[in-house]
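Undergrad: sequence and predicted model, in that order:
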Amino acid sequence: MKSINGSRRALIALFVMSLVTGIFFTNCAKNGFTASNPEQNGEGEDPFLAIAWHIHNTSQKVFALDSGVAGVDLNLLKTWQSGIFGDGIKILISDDGVENTHEDLQVNHLKTAVSKDYSIPSYSITSAAPIASDDNHGTAVAGLIAAAASNGVGTKGVAPKSSIASANFLSSTVTQTEAFLVDQAGGDFDIFNMSWGSTQNSLIAAVPSFHAKMRAGVLNLRSGKGAIYIKSAGNDYHVYCRGSKSTYCVGNSNFDSDNTTPYTIMTAALNASGYAASYSSMGSNLWISSFGGEFGDDSPAMVTTDRMGCSKGFSNSSVGGSLAFERGGLGNAGCNYSVTFNGTSAAAPVLSGAIALILEANPQLTWRDVKYILAKTAVPIDYTTSGTLTHPEGEEIPAGAIWERAWIENSAGFKFHNWYGFGRIDVDAAVALAKDYTFSFGNFVETNWADERSGLSLAIPDNSATGISDVMAIGTDLKIESVQLKVWITHTNVANLSLELTSPSGTKSILINMNNSLSNLANYQGEVFLSNAFYQESSQGAWTLKVVDGKGTHTGTLTRWSLSFTGSN
Amino acid sequence: MARRSAIILFIILGAFVALYLGQSRDRNSVLKIVDSSTEASLSQISQDSSAKTQVTEGASSATVETMKARDPRSPKSVREGSPLVDIKEAKLEAVSLFADTNWKIWPGVQAISSKGTAPSSGILAKVNGYYLVKTEEVNDFRSFSSQRPLVVVDSRLEIAGVVTGVFSVVLKEGVSSDLLKNASGLKIVNEFPDIRTYYVTSSYEPFDLQTFQEALKAEAEIEQVRIEILSRQYEKY
């Protein structure tokens, strides 16, 4: 056998090295991640993408004490790898303004006069940028949706090629009139992101024209396929009791009438461990859970864009706390990014971005199709149908009563929980279903309160698990897409009461939990609450409303109730 | 020389082969990130959308007996929402303008825009862009001026509201907005013809809110009339 000379050995070594390089180091760029430590100092294509755990959770700490759980994220890598980034999808961010000149947002911000600055008389304009010093929220929301990709700065939005515009309805400089509320729900957009609401310790009256505008939007926008309205469920799982500035109660997303129409997709927030975030409001009106993080000190919050410069925004040179990043350290020298943004405010834009990916995968989807796909592919969290949950503030309830149930599986096979909706969003699964989607809903039917029980005088036993039950026979046979309850109860403290519906097939949904934040509020006077727990069940048959009084002293009577269904026949 | 060129070419080809193999492995490794239950659900969902629904994660369905309790935490910024107003001493006035509602006039209180300088004292509440402060002036709903909005209270919810002098009007199906555009003494502030809704107010001030409302309600081609009361603060979550 001939011996191999030196030059040939060198060449063989080079060949082997090239093989090794090709096998082990091509993966990272393809996935869109820099192969770097999560705590790195601002290098790479999108230097802070590595700490965007909601995109790819490798149990990064993101400067917090505790890390998240690897794998708990949007599951969107296949979607990105297939080249879907939200291209062609237009999203209106209704907030306090978006910094359209931000280095990581400007390329995706629409340049035409479709933004809305309500601080000026003729408000259709090319941008509605932050005005007041506290107008920081919208820029953070925008980054989660549409921070540009591979531009050498910042992070990467869930839909980094989507197009965004701004309506500054929440700016401190704007008076929140009904007309502005209505206007920000209209326009030539595919998705409307609403990371706002009202504090859930009172009953928030409906603005009928706002609901009408959203209804028109789902019926007419996108050439009749319907716009998608994404709304934050609220941050009031732990909220001051009504009238108190010291005692905490449990809020409910259903207390805000803007959250009780079939036209919105309500999102809860998950933390980096995959569970409901500590603040995320509960409610039978939830649809899905997206990612909103915790507070960034104990557990990761969200990395996103922030108003540029260290004299404004969430991250600035004078902010308190221990996170150097927020004061311009650790690669954030310009204070152009923040790692403490959280809330269902964050969950909504993450979901909006995800839906932009779904719509790019199949632009023919209607708003009802999108809801179906999200529900069908959601991943139930902490799934069990056994056991019950106790009052989080430690309040006692009557023996034998249930404060909150575990997961239910309805007769149509959908799993639902008041903390999570149908579960955690799974982008790859949703996009896969969108691409091969064949399901057909049929005509959209709304029964508009056609069914009612009135003239009642049913005394509610005080502090008793027995409660009172009343039955309504529904003749209409729809495949349910939502159920709304309108109720009249005379009672000196409705905070004590739980309201539970049982469908003809036996599925139970607690619409309002007992011992909640409506402390000392008298009477229900036709307020509307919504449940998604009965999705795709049949509406026909006997429906039971059960009212339970969970605390002593205050008493009352059920006098009237009504149901409204949406669905298809 | 020729042999050396061939060897260099072989190295380059080897690099391309390695690159190709790496990409193939990427695709396989991405698929392997997906656990078996989700992978099954992906293929099933794509074939038949009525088949698998919400596949639970393998570990959770096998081991969870009860759901994990939540540990609530106070929100980052303290929000009171629409604060309850102290109306114990207030002599609220029920007027027919707000018939069939819980709204009553709160006399002796005026609304000042919060865009200007905040009053140094006497702020009773802040409601949607307005400070509510005590006043000696008498605000009469029959002589309303938008410069001095009327302050009202929902006696059930115990929250305050500001009457702006604007009304929302919903026209009946098929009715032209010319009805409003040609009406004397009325001006359209905002319009949403897609939902037949127009926000209107008087062309003249001061004006009688009740008379204005009654005139609108008396119009047969108008389906609904609502007086605008700003009572809530839309908050960033």
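TA: Received the coordinates, thanks.
Undergrad: now the longest strand seen in chain B, how far from the chain's geometric center?
TA: Determined from DSSP state E, the single longest strand within chain B is strand B:159-171. Strand B:159-171 sits 17 Å away from the centroid of its parent chain (C-alpha atoms, centre = their mean, to the nearest Å).
Undergrad: same deal with stretch A:86-97?
TA: 15 Å.
Undergrad: same thing with stretch B:127-135?
TA: A distance of 21 Å separates the centroid of the chain from that of stretch B:127-135, by C-alpha atoms, centre = their mean.
Undergrad: next one: stretch A:123-136
TA: 23 Å.
Undergrad: same deal with stretch B:152-167?
TA: That offset, for stretch B:152-167, works out to 18 Å (C-alpha atoms, centre = their mean).
Undergrad: quick one: it near chain A?
TA: Yes: with C-beta under 8 Å from any C-beta of the partner chain as the criterion, chain A is reached by stretch B:152-167 at B:Arg156, B:Leu157, B:Glu158, B:Ile159, B:Thr164, B:Val166. Backbone N, C-alpha and C define where each C-beta goes, glycine included.
Undergrad: may I see the residues you listed organised as TSV, with distance to A:Glu481 and neighbour count added?
TA: As requested, those are exported to TSV (distance: C-beta to C-beta, whole Å; neighbours: other C-beta atoms under 10 Å in any protein chain shown):
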residue	distance to A:Glu481	neighbour count
B:Arg156	32	14
B:Leu157	31	23
B:Glu158	36	19
B:Ile159	33	24
B:Thr164	36	23
B:Val166	34	20
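Undergrad: got the CA positions of the helix or strand harbouring A:Ile164 in PDB?
TA: Using DSSP states H and E, A:Ile164 sits in strand A:163-167. Taking C-alpha atoms only, strand A:163-167 is exported to PDB below (Å, rounded to 0.1, in the frame of the first residue of the first chain):
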ATOM      1  CA  SER A 163     -48.100  45.200   7.000                       C
ATOM      2  CA  ILE A 164     -49.300  47.300   9.900                       C
ATOM      3  CA  ALA A 165     -51.000  50.600  10.500                       C
ATOM      4  CA  SER A 166     -52.000  52.400  13.700                       C
ATOM      5  CA  ALA A 167     -55.100  53.900  15.200                       C
END
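Undergrad: what does the next helix or strand after that strand rub up against?
TA: Later in the chain than strand A:163-167, the nearest helix or strand by DSSP H and E is helix A:178-183. Residues from elsewhere that reach helix A:178-183, judged by C-beta atoms under 8 Å, 6 or more residues apart in numbering or on different chains: A:116, A:118, A:123, A:167, A:169, A:174, A:207, A:209-210, A:213, B:166, B:168, B:189-190, B:192, B:195, B:197, B:199, B:228, B:230, B:234.
Undergrad: just how off-centre is helix A:178-183 within its chain?
TA: Taking C-alpha atoms, centre = their mean, the mean C-alpha location of helix A:178-183 is offset from the chain mean by 22 Å.
Undergrad: could you give the mean pLDDT of that helix?
TA: Taken as a whole, helix A:178-183 has a mean pLDDT of 98.
Undergrad: can you name the element that comes right after that helix?
TA: strand A:191-194.
Undergrad: need the residues of the stretch 201-350 of chain A near chain B, please.
TA: For the stretch 201-350 of chain A, the residues in contact with chain B (C-beta under 8 Å from any C-beta) are A:201-205, A:208-209, A:212-213, A:215-216, A:220, A:232, A:234-240, A:242-243, A:245, A:248, A:250, A:275-276, A:278-279, A:294-295, A:342-345, A:348.
Undergrad: again, only using 7 Å
TA: A:201-204, A:209, A:212-213, A:216, A:220, A:232, A:234-235, A:237-238, A:240, A:243, A:245, A:275-276, A:278-279, A:295, A:343-345 (C-beta under 7 Å from any C-beta of the partner chain).
Undergrad: where in the chain is the helix or strand with the lowest mean pLDDT?
TA: You didn't say which chain, so I picked chain A. Lowest by mean pLDDT, DSSP states H and E among the helices and strands of chain A is helix A:27-31, with a mean of 36.
Undergrad: other chain: chain B
TA: Every helix and strand of chain B was ranked by mean pLDDT, DSSP H and E. The lowest is helix B:36-47, at a mean of 31.
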